[in-house]
Structure formats: C-alpha cells, structure tokens
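Novice: Pasting a predicted model and its sequence here:
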4 protein chains.
Amino acid sequence: MATKANSVPIPTLIKGIHNRWHPDIPPFVSVKPGEANWTGAQIGNNDYSDDVKDVDLRKVHNLSGPIAVEGAEPGDCLVVDILDVTPFEKMPWGYTGIFELTNGGSLLAREFNSKACKAVWDFEGIYATSRHIPGVRFAGIPHPGLIGTAPSAELLATWNAREGALIAEHPNAVPAVAFAPHAVGTHVGQDLDEKVRRKIAEEGARTIPGREHGGNCDIKNLSKGSRCYFPVFVKGANLSVGDLHFSQGDAGIITFKMSVIKDGIEKFALKQPIFLPSPIDPVYSAKVIFEGIGVDYHGDGKQYNMDATVAYKQAAQNAIAYLMKVRNLLLSAAPIDSHIGALVDSPNACVTLAIPTGIFDHDILPSPDGFTKKDFGQCAIRSDGVV
Amino acid sequence: MATKANSVPIPTLIKGIHNRWHPDIPPFVSVKPGEANWTGAQIGNNDYSDDVKDVDLRKVHNLSGPIAVEGAEPGDCLVVDILDVTPFEKMPWGYTGIFELTNGGSLLAREFNSKACKAVWDFEGIYATSRHIPGVRFAGIPHPGLIGTAPSAELLATWNAREGALIAEHPNAVPAVAFAPHAVGTHVGQDLDEKVRRKIAEEGARTIPGREHGGNCDIKNLSKGSRCYFPVFVKGANLSVGDLHFSQGDAGIITFKMSVIKDGIEKFALKQPIFLPSPIDPVYSAKVIFEGIGVDYHGDGKQYNMDATVAYKQAAQNAIAYLMKVRNLLLSAAPIDSHIGALVDSPNACVTLAIPTGIFDHDILPSPDGFTKKDFGQCAIRSDGVV
Amino acid sequence: MATKANSVPIPTLIKGIHNRWHPDIPPFVSVKPGEANWTGAQIGNNDYSDDVKDVDLRKVHNLSGPIAVEGAEPGDCLVVDILDVTPFEKMPWGYTGIFELTNGGSLLAREFNSKACKAVWDFEGIYATSRHIPGVRFAGIPHPGLIGTAPSAELLATWNAREGALIAEHPNAVPAVAFAPHAVGTHVGQDLDEKVRRKIAEEGARTIPGREHGGNCDIKNLSKGSRCYFPVFVKGANLSVGDLHFSQGDAGIITFKMSVIKDGIEKFALKQPIFLPSPIDPVYSAKVIFEGIGVDYHGDGKQYNMDATVAYKQAAQNAIAYLMKVRNLLLSAAPIDSHIGALVDSPNACVTLAIPTGIFDHDILPSPDGFTKKDFGQCAIRSDGVV
Amino acid sequence: MATKANSVPIPTLIKGIHNRWHPDIPPFVSVKPGEANWTGAQIGNNDYSDDVKDVDLRKVHNLSGPIAVEGAEPGDCLVVDILDVTPFEKMPWGYTGIFELTNGGSLLAREFNSKACKAVWDFEGIYATSRHIPGVRFAGIPHPGLIGTAPSAELLATWNAREGALIAEHPNAVPAVAFAPHAVGTHVGQDLDEKVRRKIAEEGARTIPGREHGGNCDIKNLSKGSRCYFPVFVKGANLSVGDLHFSQGDAGIITFKMSVIKDGIEKFALKQPIFLPSPIDPVYSAKVIFEGIGVDYHGDGKQYNMDATVAYKQAAQNAIAYLMKVRNLLLSAAPIDSHIGALVDSPNACVTLAIPTGIFDHDILPSPDGFTKKDFGQCAIRSDGVV
C-alpha cells in the first residue's frame, strides 16, 4: 500500500564532494545536480584496464551531501523516497571492473590471482550492452550504491574501534580486510575551519563498507521507486548519497524526497535501514540457478562452519565455470539474484545464485548436447598484456 | 524454454527408510507411496513442545530411496523434474520448531538461549495457517528439503574427513558444529548382509547438511515445477529424497521423473546441482526488507571479515525485533527471501531479508504512527513452562 | 493483505448432478467428493473426435451443489476462498476441443468452418503435455470454469426474457446465439415433487453463459488461491460449482470455504462477482504479443464500431497464422493472456493476445531468418477423416 | 532471449508536426528532439476543464516523423526497440480527461452524459500523483500511445472506404462513430508542393484509431523496453510516433532504434504489429478484479451477442461504482489490466478489470465492515460549474 510519511517532501538534486563519514561535516544547503562517479572519474571509457589497476582507493567515494532535513533529531527515522536514478545525458555508460589483487582486489581476488580488467557498458534506454561482452543485453536496475545518514560521534568511534581491531588481527592481509581512516585523499567539500577539517581527515570513516546508517550497501533492490527508512543519529539527519549504479555500473542523477518519522528508531527497532522495494524491478522469470555450500571445494576443500560467504563463493565459481571465466565481469553487472537458501543444516551454509536466461542472445540452458560454449569476446585488459 | 532431457521419464513414488548417505546402500526397485516426515514422526500435532525438546536427531532424516536409474554412470548428470509435492491427505499439517540450545539448537540458538517451542501449521489448499500464530496466512512453496544422489566411496571419505576435522577443532561446541557418522539410529531400509550394514552404520554420512550431491539444502525455490541437474557419482545415480516441505513444514508425496545427460558433470562443470526454477512460485510484490551487516551489533559488537552468516543473523534479528520475538517461528515457515546484497565492500558483508506484507491480515508497513504491535498468540512451549 | 471474512469457514467437497440454474432447486446437505467433467463424461481420452462432433450440449454442465450457507440472505455477499483444485487421481488428463460448426461451434467456428477435433492433455504434476501437440509443456492454472450462486425468481425471469429476445432476433443462427431453457436433458440431482421438477425443466436457465451470479465465466485467474465475492439472491446463497479446469481442460476436486458479509451487495455495489487473485499463478515473463483491431481483415474487411469481439478474433487469428492452424487447440489450453488495449480510439477497439515463449521446447521468437515452422503433430480428428 | 535483429541500429530523436497518415508525406531526415503532447498543447496544467470541453480534435495527433529506414521495402518487417520514454524535464506532468459527450466523448460518454473534466498528474520520478485525486500514487508505464508505419496508397484507400461506410451507416451519431479525412487542421510538417499537400489534406487518414500499421493503439504494454515488429507498406517504412504516455498521460522524449527483417510480413504472417513486452513493467501482485458480461445491466438491460465491448463497459462501471464516480479519471491513468476472460460461452462475453490495491494509500479490499468510502477530492471541472 502506498503509505505516506508525515511531513513535507524535499525534492533534491545536490552537488557533493566529501568522501568520509563524520558528524562534523556540516550540511550543504544548495540543491544542485550531483556528481556521482564513485572513483571521481578515475576510470575511463576505453579499452585498457590500467586505470583500474592503478586506481587510488583513498579517494573514494565521492558523495553528494550532506543534506540536512529540518526537524530531524537523533532517534527519528528519515524516510527517503528514491524517485528516479538516471545516467548523465552526456555520460551514457558505466563499467564493471575486476581490481588487482594488490590494489582493491575483492571477494574472489585471491582465488583467481586477479589482474585488472574491465568491461564498459553502454546504456541504451533501459538496457545495457557491452562491446567487451557481446551477446548480452539486460535491463538495468538503477539504484544508489551508497546512501546513508551521518553517524554520531559515538557511532563513529564504535566503527573505528571495531574495524581497527580487525585490521590489527590481520596486519598484512592482501587484499586488506578493512580500511582505516586516512588523511590522504580526504575531501570535505566545504570551506571548513582547519581544525575541524583535520579532525575529519583523521577520524572520518572510509566509505567503502555499508554500516548501521546504510552507506555503501550496494543493494540493487534499493532501486528507483523504493522507499527507505534510515535511522537518524545527528540533528538534521545529514543524508549523503553517491556511487549511483545503472545496474552495478555508474549512473548520474538521483531524485528523491524526504520526510521524518519521530522516534522512528524505537518504533521500528531500527538497527540499520529497512526499505520497501520498487514495483518496477526487471522480471526475468526463466533462470539457471547455481548452488554453493560452505566448503571450499574450488580451493583447498576445507570445511567451514556455517559460512555463507564461502558458500556464496562456491556458487559464484560454479556459475563462472558454467559460463566461462570472462563472465565474472558479467556477474557483477547483470540482474543476478543470490539467495541464502539455508543457514540451519550444520555445518553447511547453502547459497544459490540465479542467472536470468533472457539477458543472453543465445540459449544457455543445460541441454543434453551440452552447453554451446560461445566466444564472449575480450574484456579490457592491462596494456602490458598481463591477465 | 521448456527443454527436454534426452531419455525416458521415470515417474516415481517410492517408500524409503534409510537415513545415511553411503554408496553401499543398494537401490530400491519398488515404487510405492513414500514416507516423508523428516524426524520419523517424532513431532506431533499438539500444543506442547516436549517432542521438539527431546527429539533424537540421530534418527534423522528418513529418506525415500535410493532409486537407480538405468544407464546412469559416474560423470553423468541426472535430470529430475519435480512435478508435484503434496501433503498426505490424512496429514494436512506441518510444523516449525525452535530446537533447544542443547539438542539441535540452530543458527540463533545461542543468541536467544533457545528453549524448545513450535507452531503447527494447518494446510488449507495452497495456504498454511497456524493456531499458534494467528493473523497470518501464506501460500506454500512445496518442495523437497532433501534430495540427492548417492556419494561415491571417495566422495564419502572426503566428507567424513573434512567434517571430522571441523569437529576436532570445536570438540565441545554447543550446539555441535557438525555431526559425525553414528551407528546408533542408522537405518538402511533393506535386508543387507551384516557386514555391509555395519560398514554403512560406521561410515554413512549424516543427512543433516547439504553437500556436493545436493542433499539437505532446504532451498525453497527447488519447488514443484522445477527441474534439477544432479551430478552422478555411482552407477545408477541412486537418488534419494525426503524432508518434504509444504513451505518449510512437512508434506507427504512427491512425484518426479528422471532422465540422464551423458557426461553432464563435465558439460556443465557440475560441482553441485544446478536447477531451473518453477513458473508457479508465489508472487507477493509488496515487502518490508531488512538489512544486516557482518558486525554482531545484536551481540558483542564484534567486527567480522566479510561474513555473510553474521550479516544474515543481524538481518533476521532486525526482522524479529520489528515483528516481535514469536515471529521467529514465522520466519522459518513463511515465503521469506534472503538476498546477499554485496560481498565486495570490505569488511562488511551485506545481507537483506524480505518479508511479504500480503501474508498478514493487518498492516505491517512502517507508518508514521508506528507499527501496531499485535498479539500474535502463543506458540506451543514446553510443558514445564520454560521459555 | 490477507483479510478475513467474518464467519465460520465451511470446507466443502460435494456431489452434484444438476445442470440448470433455478431458485427452486433445493440445496444439498451432503458433503461428498464432486463429479466435475462438464459434459458428463461424453468426451473420452482417445484419438478420434467423434465424441466431440456428436456431443449433446443439452446435457451440460454437470454442477455440484447447491450448497446452502446458513445465515446468507438476499442482499448479502458470499465470500468463497478457492483453496485447491486438483484432478482426480484416477483421471489425470483433460482435453481441449473444437466443436463442429453445426453442434456447439464457437467463436471462430464460422471463420474456419470448424470440424470436430480435439487434443488430450496429460497432467504431470503442475504441468500439462499432449501427445496431440508435441513440443509444448505448460504449468496449469487450476480453476473452476463455472461457479455461481442461485438466481432469484426475478433474476431468472430477467435472464430468460433478455436471452429469448436475442434468440428471437436471430432465429436460425448457426451456431446459435444463445440457448433457451430446454426440458430435455434437465437434471436436478434430487428427488423433487414432479411439479417442481417440471417447473425447473421448463424455466431453468442453461449453464453455458456466465451471468450476474458468476456462472460459467471461464476466468482462468479465478484460480486456486483466489477469493471471490458473490452476490446472494436467495436465502442460503445456494452455491454450485462445476467445469473444473486444469488449465482449460478438466480437473476433478475443488476445496473451498465460505463466509458471509451482510449487505455486501450494497457495500460493494455488486452487480456481478468481484475477486482477489491468487499469489501462485504461473509467471512466464517472456512473451510474443499479437494485436487485433475491430476490422474483420481476416474475413470480409468490414469496419466495426468499437467492437472488442472482432478485435479479439483478429488477434487470435494473427496468433494462429503465426504458429499455424493446429495451435488453435493450444490457445484454448495454454496460459494465454488477452488484454483489452484500448476502447477509446473510435472506431477501432484494440485487443492484444500474449503467448508465453517458455511453454515451447523450441524458439518461437521472430528471428531475422524467419520463424522455424515446426511439425506440431496431429490433433485427434473425426474418424471419417473430415477436417 | 534477447534476440538481435539483423541490421544497423538507428537511434533517433526527431521533431514532427504532421497529423495525418498518407503515403505521400515524405520522410524527415533531421533527427531532433520531438514534440509529443497529442493535442498540440491545447490542454493546460490548470484547475478548470474548459480546455478539454473546447478541444479541437481535427488538430490531433501531432506526430514526430516520418523516419525513413534505408533498405526497408514493402513486405519487410521493421523492428523497433523502444529504449526509453521520458517526460520533458520542463513539463513533468500529464493529464487524464473526460471529454464532453458532444466533443470527443468516448466509451462511457453516453452512459454518464459526460461533461468535460480532467485530472492533472505530476510526475515524481517513476511515480504519478494528482492534486485532483489525492490518496493515489502509481508507477508509470511510459509508452508511445501512437506509433506506426506509413500506409501504402492501397491500404489508405481501404481505410477510407471502410470507415466511410461505417460513418454512412451512422450519419448523425453523437459521439461520432469514426472520423473522416478533414482538410481543416491538417499538418504535413514540411514544405510540400501545393498539389501534394492538398491531396494529403483530402485523403490523409485521421490518427485517432489504431489500424494495421499500428498507429494509435494505446497499448500500455508496448512500453519502454519492448521490441515491436511493424509491417512495411512503403519504401523506407516511414515510421511516425506521437502521443507519448507516462502512464496514460503525456510524456516527452522517446528513444528507439530500428532494423529491418526482409520479407518479414510473410515470415511472421503480419497483418498488424506483434511485439515482445518489456522486462520492467510495474508488478503489483495484489488486486481487486471486477467482472462484466455482455448485458447492459448498467443501462437498459439489453442482451448482446458475444459482445466484449459491452462486457468491458459493465466491468468498468462496476469498478467505478465500487470506487465512486471520480475514479473514472483514475481508471484511464492507473496501471489497470483488462482481460478478456472468455469469448466462448454464448451469448455472454466475459471481461475482467483488475485494479492494483498498492496504488492507494488506504485499504480498498472488500472488508466485512464495508469499504471505507473516502473523499477522493475534486477533479478539475468546467468553469461554468456544469458537471
């Protein structure tokens, strides 16, 4: 049911240039078109992946905001209607990249000893296609990868303490297990007193992970048309947004409106945002679904204890093996669904990963004659040829 | 597209009474109505939870089978069309239970110091309702909780080795991290030579977790109407099935047909089954979606490293807090979807859990006036009153 | 939201053998398994269509009921939850037939100068397949083709008057435009006083068309899981049901429960039943959609005035031409959707007809190389070979 | 499956100002932003309906085009991918209007003795809301109401002959049954030789109805993301497009690409366009569904012979009576589905009309206490107060 929140809508398009979470970053009042490429335009629409290889992650993410909402107090709930997310008219493309093991390497980086590569996706209306992955066309699910309210000083301290402890446990991990505050690259987007600016640079939480305030959750179902309920930790709520995704590539302009539910944190037992999904996410009813369990059978065969992360990795590697390796770039862009099947049957977590058949221009169903292995072209690789 | 597998369909209703995975359990030939209550009728349709508290898990699961398929050889792929799953006409009910921390206690057992309780669900056509959770009615997603091919001797040895290592790491865990072979309670369902029977009892893998052959994956989307592709590890494939779920409660009769794709393991890079979903799963478009990250903020606040299991637990506890505690029994029965949102933004895994609003007879949307807390009645508890 | 109606549910399985609508047919009290083949077993599972050619339509439909609901009064609304519809275990098949132009010939009978033919569909769990139309498999949408409350004497008189006037306008139409009461073949299903029986035979409305009380509406979305609100015209409501469809073939057993909303006719402005759809209808997202307008361009080219019937016929004939003629039997069985696109742009009504691609085991999309015409086998025809 | 047509895509944004169908209107070459308000900006965003009352329908529709596609010949099939449809940034609104019985009055004009009124809809991202119908918010289904290829001289002659015959049968009908060519108001959008211009003015088919080439079909499922296959009647195909709808209100910019399938008319038996639906139409699973039969029980009670138009009118009037009269403006804007249930059970066509419950901010389900009649505000009426 289309319930209505209780206060005046605030349609907003804003420009933002901060890249840390800190309660002392004051709100922007101006409402102007936003800038949203999450790496700050470090990645280009070209056919080599050197930009991915050398990306400076200390600079991410460029956020628009903060936006203060009048009347919002700690303990309230900020209701955000995500009305639209569209690419910039002059930049109708996005990309998916695999980062180098040693610079930003992600979930399967170690398994594949990842070298930088990328695929550029062109947007044609609601669809994305890529010259680097021919034979695929899918409807995007435009959404903000990153949206969240500002933390209070206490919450920020909690974040820094617990993430610091994790880093301390894994001091030389490659890739790193977490990212501590880092003064280099900090952007606050406003002329601030130098003392305040320095405090933010030294304490400000990196924007890479999602946390209790939302943040970089990369939830594709938080798409245009959805309504999200954020906990408010500081006066004004101070919402920031960035890393707009076309599907999981980048987009450009977000339109939303906001209202406040008093004492919403208690009313809804909010430890983290909740949301109502959009009625217009793509429907592809036919799918091939892969399973994975919490045993690293693609690696050393180790048995994990109810580990959904390991199970997800197996499901993803099963899908990649089925479709061939280049598809890894596809999985991070296309409208894939990964479900937690069961976390009850010890010791094996069970996770599924579903790939819609309708995004391919050839048949990927498992047929008795075997799956027709197709040439999926070549993604953009490093100019030194290392893959 | 409704592809067809390449050999003769084998419609099958069989009786089964084995409860271990072992290559030496020979196939059943007879095709008779199956028996499927996974605990072997240990749990009753009554209003106390003592049966749950005292359940003997060494006896689970009662499986129907094995069924040998002519022509199936190791390396092939067994195609199983799950045509229907229905409750026994004389047992139109199922249950969801929370097990005692000290006897079968599951994912959140420690968090809630679980005492046994249960809710009995009555089936009315496609719907389930419960006298223990009034105000809720949902369409079931009938599916076999447990279905899998027999392991080869090598695969069985791998299972026992890796699970044994995990148990050895956590020798006195409560609840146990995994379940070793256990001669007590073993059922092979046939008159076998005593030596063979003893070997099966001593080596036979417990049926609790899902593994590479499928098994107890509890994937609700492997529902009636789906088509599943299993790897074949022994001559004949020797498929067994059990733990039929109405939604996640018990059902009774499964109808399926089978065919074989030669060399399917290599053709499809099968490390674990893949499947095609059914066209008739329930559609409830309106949902409330909860998020969780890999930080135990419902517990000691510890930061985990990309841990989807911890993230799932937070999302589940957020949902339970929103709906109130008794709903825990609801979450394990209703058509809930849990998605892995992102496993890329270190250190926080992000998981979502979606509850359809249409299964409640009152409004559960977050309204400005707050959510109307409703009396959800009382689930069945222990006769000694301990909750 | 799963709203609840206000009185005691009445789960019901009843036997019925009446085939006319009349207020004087008293309710049955007994609750026994129903008999539901709409022609009274005149059509068999065989490979000739003579039974279709010679069917005696005066005998249709065999209805189960009437069922009186205590407390229901004229002006109330009868709420019926259709909980399940399943085939008889011993008759897991149905059929679709094209009737002879001169005996029951239907919508396109004149266009095609129809001779009797039929296709028998075998039910395999949720699916139907036909030896007469190979290459097709679809999930059924089990529903009662015919369900309605008894008319009052006044309503019955209205029906007979208006249908009589139409017949009088088209006295020798082939096929007939409507069916007047006919004493031959009348069945009342109970021992009644001869005077009453004769009155029913002479006045009783034929069960072929749907009317204000529901009746033979053949709405596939009134499927298992739906909730229907019927106007009540006589004390007790006297609900009857029949012509159970697996998809559009026959099924066997219906389970439902009923309750009453007082003064529901006025509350809901009920001129005819309204209903809430089931959450479990099949989802086939990929479709080929055909259009038709209110110009008989498949016939004499005549322009009609906002005529949705003519538009529907063109859309259906476009689909048949695309798929080839035998598919006509498919269209009346498969999960096809026909939408009224627009009835606003004079003079042309616009209607669409959507065929799911996922029910075929070959590709029916319009490809540049043209659609691969496939041998769809042979439906059952007359034993004299006339087609 | 995302099939690809066989030739070079032609992304297109064009300006058009013709409003008749005629083979002699030459193609435009320029590719510029289009103008799409179907009445040529005759209807304004204001709170009186006088503009609707006095609209000059001889001026409609303003079409963008024609666009010639190189290589397209009569007999071919033009494939059009509708990639996006968006409102003008500076005109984020649309409207739904009821026309005067005596000036454009439509389907139910006579039933309600219609006076002009309208509702203005504001677009907020994917949603539409109206100050004239408070309490409703729905996701739009942006689509071109009007899109079609140019007719050949022969086809145009056929149109004029058959529509002329209908007008001759109903010479003084109010509202008119069809619209003959009319020189007044004709727009050809280009500097043409006066003889050609006059020929077009005298013969050019009015753009109100849809016809074999597509045209004004107002099919909401021909939405952004769909792929449409048009028959080609003249060299170059000469596609025109207009009357862009947000849902059924007006939008502004359409993006599409085109390719050609040689001999497609014969390959696909194309008598009228066929299309593949978009994967992103809104999903509202919960609905209230109204039925109607081919008896004018809202009027004089007359029995019609298999008349789906009359059945549709009853279903629409049932819905209006349920929701109250003002909703008529809602029905022509919201994502309503009207299905043809059955055209087989003589004499009654059966049609259903489904309204999604999720577009209302209050509960519209039929509850035992009756439906809460709500003040739906006031639509814009004539300044003389006549309603």
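Specialist: Here it is on my side, so go on.
Novice: what's the helix or strand for the residue lying closest to residue A:312 once chain neighbours are set aside?
Specialist: Nearest-residue entry for residue A:312: residue A:351, 4.6 Å, with adjacent residues in sequence omitted and distances by CB to CB, 6 or more residues apart in numbering or on different chains. From N, CA and C alone the C-beta is placed, and that goes for glycine too. Using DSSP states H and E, residue A:351 sits in strand A:350-356.
Novice: Give me the contact list for that strand.
Specialist: Outside of strand A:350-356, the residues within contact range by CB atoms under 8 Å, 6 or more residues apart in numbering or on different chains are A:138, A:284, A:286-294, A:308, A:311-312, A:314-316, A:318-319, A:323, A:331, A:334-343, A:364, B:210, B:217-219, B:221, B:277, B:308, B:340.
Novice: Next: stretch A:123-130.
Specialist: So stretch A:123-130 is contacted by A:87, A:92-94, A:119-122, A:136-140, A:246-247, A:249, A:333, D:11, D:81-84, D:224-225, D:255-257, D:278, D:280 (CB under 8 Å, 6+ apart).
Novice: what about that stretch, average pLDDT?
Specialist: Averaging pLDDT along stretch A:123-130 yields 85.
Novice: list the buried ones in it?
Specialist: A:123-130 (16 or more other CB atoms under 10 Å in any protein chain shown).
Novice: What are the boundaries of the helices in chain A?
Specialist: In chain A, the helices defined using DSSP state H lie at A:50-53, A:109-112, A:153-169, A:194-203, A:264-267, A:308-323, A:328-331.
Novice: Burial check on the closest residue to chain C within the stretch 151-300 of chain A, number of neighbours?
Specialist: Per CB to the nearest CB, residue A:285 is where the stretch 151-300 of chain A lies closest to chain C, at 3.9 Å. Burial of residue A:285 is recorded as 19 neighbouring residues (other CB atoms under 10 Å in any protein chain shown).
Novice: What does the pLDDT read for it?
Specialist: Reported pLDDT for residue A:285: 88.
Novice: near chain D, which residues of chain A show up?
Specialist: A:1-4, A:11, A:81-84, A:124-127, A:136-139, A:224-225, A:255-257, A:278-284, A:357-363 (CB under 8 Å from any CB of the partner chain).
Novice: Please report the distance of the residue of the stretch 151-300 of chain A closest to chain C from residue D:219.
Specialist: Per CB to CB, to the nearest Å, residue A:285 is found 21 Å from residue D:219.
Novice: which residues in the stretch 201-350 of chain A form strands?
Specialist: A:210-211, A:214-215, A:227-231, A:239-245, A:253-261, A:274-276, A:287-293, A:337-342, A:350-356 (DSSP state E, counting those that start in this stretch).
Novice: just to revisit the earlier point, from the buried residues of stretch A:123-130, pick the one nearest residue D:273.
Specialist: Nearest to residue D:273 among these is residue A:125, at 18.9 Å by CB to CB.
Novice: how deep is the closest residue to that closest one other than its chain neighbours tucked in, by neighbour count?
Specialist: Closest residue to residue A:125 apart from its sequence neighbours, by CB to CB, 6+ apart: residue D:83 at 2.5 Å. As a burial measure, residue D:83 scores 21 neighbours (other CB under 10 Å).
Novice: shaky segments in chain A?
Specialist: A:1-18, A:28-41, A:43, A:60, A:89-91, A:247-252, A:324-328, A:370-378 (pLDDT under 70).
Novice: And the residue nearest the centre of it?
Specialist: residue A:218 (2.7 Å; CA atoms, centre = their mean).
Novice: Quick check: nearest residue in space to that one, chain neighbours excluded?
Specialist: For residue A:218, the spatially nearest residue (CB to CB, 6+ apart) is residue B:342, at 3.7 Å.
Novice: Ok, residue A:307 next?
Specialist: Residue A:307 sits nearest to residue A:294 (CB to CB, 6+ apart), 4.1 Å away.
Novice: What's the local residue count around that neighbour?
Specialist: For residue A:294, using other CB under 10 Å, the count is 29.
Novice: same deal with residue A:46?
Specialist: 12.
Novice: number of nearby residues for the residue in the stretch 51-200 of chain A positioned nearest to chain C?
Specialist: Minimum separation of the stretch 51-200 of chain A from chain C (CB to the nearest CB) falls at residue A:139, amounting to 10.9 Å. Look at residue A:139: counted by other CB under 10 Å, it has 26 neighbours.
Novice: Now do the contacts for residue A:19.
Specialist: A:40, A:59-63, A:185-187, A:207.
Novice: Can you lay out the residues you listed as TSV showing neighbour count?
Specialist: Formatted as TSV, the contacts of residue A:19 follow (neighbours: other CB atoms under 10 Å in any protein chain shown):
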residue	neighbour count
A:40	18
A:59	17
A:60	24
A:61	25
A:62	23
A:63	31
A:185	15
A:186	20
A:187	18
A:207	25
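Novice: Strands - which of those land there?
Specialist: residue A:63 (DSSP state E).
Novice: give me the number of residues near the nearest residue to residue A:296 once chain neighbours are set aside?
Specialist: The shortest distance from residue A:296 to any non-neighbouring residue, by CB to CB, 6+ apart, is to residue A:302 (5.0 Å). Using other CB under 10 Å, residue A:302 has 14 neighbouring residues.
Novice: Just confirm residue A:302 contacts residue A:294, I think it does.
Specialist: No: Residue A:302 lies out of contact with residue A:294 (CB atoms under 8 Å); the separation is 9.5 Å.
Novice: Next, work out how far apart the nearest residue to residue A:288 once chain neighbours are set aside and residue A:127 are.
Specialist: Among residues not flanking residue A:288 along the chain, residue A:355 sits closest, at 5.3 Å (CB to CB, 6+ apart). Plainly put, residue A:355 is 17 Å away from residue A:127 if you go by CB to CB.
Novice: How about residue A:230?
Specialist: Distance from residue A:230 to residue A:127, by CB to CB: 31 Å.
Novice: try residue A:233
Specialist: Relative to residue A:127, and taking CB to CB, residue A:233 is found at 39 Å.
Novice: do the same with residue A:185
Specialist: With CB to CB as the criterion, residue A:185 and residue A:127 are 35 Å apart.
Novice: Kindly report the same for residue A:145.
Specialist: Counting by CB to CB - residue A:145 and residue A:127 are separated by 20 Å.
Novice: Kindly report the same for residue A:308.
Specialist: In terms of CB to CB, residue A:308 sits 32 Å off from residue A:127.
Novice: Those residues of the stretch 201-350 of chain A touching chain C, which are they?
Specialist: A:283-286.
Novice: 10 Å instead?
Specialist: Within the stretch 201-350 of chain A, the positions near chain C by CB under 10 Å from any CB of the partner chain are A:282-286.
Novice: so which of the residues you listed are also by chain B?
Specialist: A:283, A:285-286.
Novice: any chance of those in a markdown table, with distance to residue D:55 too?
Specialist: Below are those laid out as a markdown table (distance: CB to CB, whole Å):
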| residue | distance to residue D:55 |
| --- | --- |
| A:283 | 38 |
| A:285 | 42 |
| A:286 | 46 |
